[in-house]
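J.: Pasting the sequence and the predicted model now:
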Amino acid sequence: MSRSFEEIYPVREDYKRFHQRDTAFGRAGRAGLTGYGDPAKRLAKIRLGIPGFTVVDYAFSGAALTVAQASGSGRGNMDSGFYSWTPLGVARLPEGVSPWKGSPKEAAIIVRKAGRYYGACDVGFCELDRRWVYSHTSDGRSIVFEDVEEGYIDEERAVIPESHRWVIAVTVPMEVEEIMYSPTALNPVSSMGYSRMPAVAGSIAEFIRGLGYHAIPCGNDTALSVPIAVQAGLGHVGRHGRLITWKDGPMVRIAKIFTDLPLAPSSMAPEGIIEYCEVCKKCAKHCPSQSIPSGPRTYEGFSEANNPGVLKWYCNADTCYEYWRQIGTGCSICFRVCSFTKEKGLIHDVIKWFIRNVPQLNRLWAWTDDLFGYGKMRDPSEYWGTFRPAE
Ligand code: SF4
Ligand code: SF4
């Protein structure tokens, strides 16, 4: 029998909800540090014509954020753009028609099918666990639950209706090919993920509204995405602290939608990922800032940026972000080298079967992963084919 969420992801009783101002980005901003996309560093690299940092490469990765940015959704702009808490009016329940009536199981079937159509890799469901909802927004508004019909945000508070007892966790894809050029400006995958998240989450929210129910779509805002995704059966937390799914490895971004449409909870993802990470340690070895631990899972983080109290591997978000600031771009090396970052294929599916069923062979797979050179950085001067932007 498979283990429950609480057994796989134990949470201490003194666990406290996370204040969003304490992300590494928020902490660096409060300390007066500049962001990681320093224009002076960018200009210097463009002028030097370094492959992976040409004007073409920067334009490519910059434009990947178009949908997120131009729609006002951003990486998780609460109640903004496609993450609007109020209906966008795109799909409406026709007047005189009653809200759709179906069982939670049927609701899960139609929402999953619709979500996949809108562009999700996977869609999972769980009851809303308030522990994962931020205690406060990044600008200090408290996030509370009240008996209201529709969620709203005012000067002091973000109010989630008590009726929104279910969460839909959604993964959207990031590409394996482009992650292999990390850490350069030739890596648009996070930005592209941020553009896909609001398109998919916003469309699912409108679908639910069109059924006559309420929905609050979120990106990185409002709640921690990884534990919700684990609880909704999409995967497990890897050593690098990211979600790892069986189908797409860590190459996904996560959005979520709170709703009053009752949904049947998904089963937990098959086990085996944590056990593999226990022996692999490849991300810890390759992390240039030594932010990923090589020891066992713990309940303690490194700083306020890691909310302690959950048994997992904590990535040191402060030192990771400091490295981004040093190099002037995002890093993503841990995504690149992860043993679960693979193009789709039968051989990889067979190995994943062994990881799930014969963990005694995990060391062999971790060894061969290095042996076959998986996760090596590709030469950025080859990305555009015969055309060389630097020339
Ligand atoms: S993004 Fe880079 S610096 Fe940060 S944890 Fe991953 S490998 Fe380390
Ligand atoms: S590189 Fe290895 S240890 Fe790190 S998250 Fe991936 S599978 Fe786990």
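T.: Everything's here; your move. Residues are numbered from 1 along each chain as shown. Ligands and ions are numbered 1, 2, ... in the order given.

J.: Per-residue pLDDT of R297, please?
T.: We note a pLDDT of 97 for R297 in this prediction.

J.: That one is in contact with W313, isn't it?
T.: Yes. At 5.5 Å, R297 and W313 qualify as touching, with contact defined as CB atoms under 8 Å. Glycine gets a C-beta too; all of them are placed from N, C-alpha and C.

J.: So which of these two has more stuff around it?
T.: W313 (22 against 17; other CB atoms under 10 Å).

J.: Next up, the contacts around that one.
T.: By CB atoms under 8 Å, 6 or more residues apart in numbering, the residues touching W313 are V237, G238, R239, H240, G241, C277, I292, P293, R297, T298.

J.: separation between the spatially closest residue to it that is not a sequence neighbour and A223?
T.: Nearest residue to W313 in three dimensions, chain neighbours excluded: R239, at 4.6 Å (CB to CB, 6 or more residues apart in numbering). Distance check for R239 against A223: by CB to CB, to the nearest Å, it reads 23 Å.

J.: shouldn't I208 be in contact with I257?
T.: Yes. Here I208 reaches I257: they are 7.2 Å apart, a contact under CB under 8 Å.

J.: Spell out which residues are contacts of both of those two.
T.: Listed as contacting both I208 and I257 by CB under 8 Å, 6+ apart are A215.

J.: Going by residue numbers, what spans are strands in the stretch 151-300 of the chain?
T.: 152-153, 157-161, 166-173, 215-218, 236-237, 243-244, 252-259 (DSSP state E, counting those that start in this stretch).

J.: which strands and helices sit next to the second one?
T.: Put plainly, it is strand 157-161. Other helices and strands packing on strand 157-161, by 3 or more CB pairs under 8 Å, 6 or more residues apart in numbering; DSSP states H and E, are strand 142-146, strand 152-153.

J.: Can I get the longest one in CSV? Just the C-alpha atoms.
T.: Going back to what we said before, that points to strand 142-146. The C-alpha trace of strand 142-146 is given here as CSV (Å, rounded to 0.1, in the frame of the first residue of the first chain):
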residue,chain,number,x,y,z
SER,A,142,-2.3,39.2,5.7
ILE,A,143,-3.9,36.3,3.8
VAL,A,144,-7.0,35.1,5.7
PHE,A,145,-10.0,32.8,5.2
GLU,A,146,-13.6,34.1,5.6
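
J.: Need the helices and strands packed on strand 157-161 in JSON lines (columns: mean neighbour count and distance to ligand 2).
T.: Below are the helices and strands packed on strand 157-161 laid out as JSON lines (neighbours: other CB atoms under 10 Å; distance: least, CB to the nearest ligand atom, whole Å):
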{"stretch": "strand 142-146", "mean neighbour count": "15", "distance to ligand 2": "30"}
{"stretch": "strand 152-153", "mean neighbour count": "16", "distance to ligand 2": "35"}
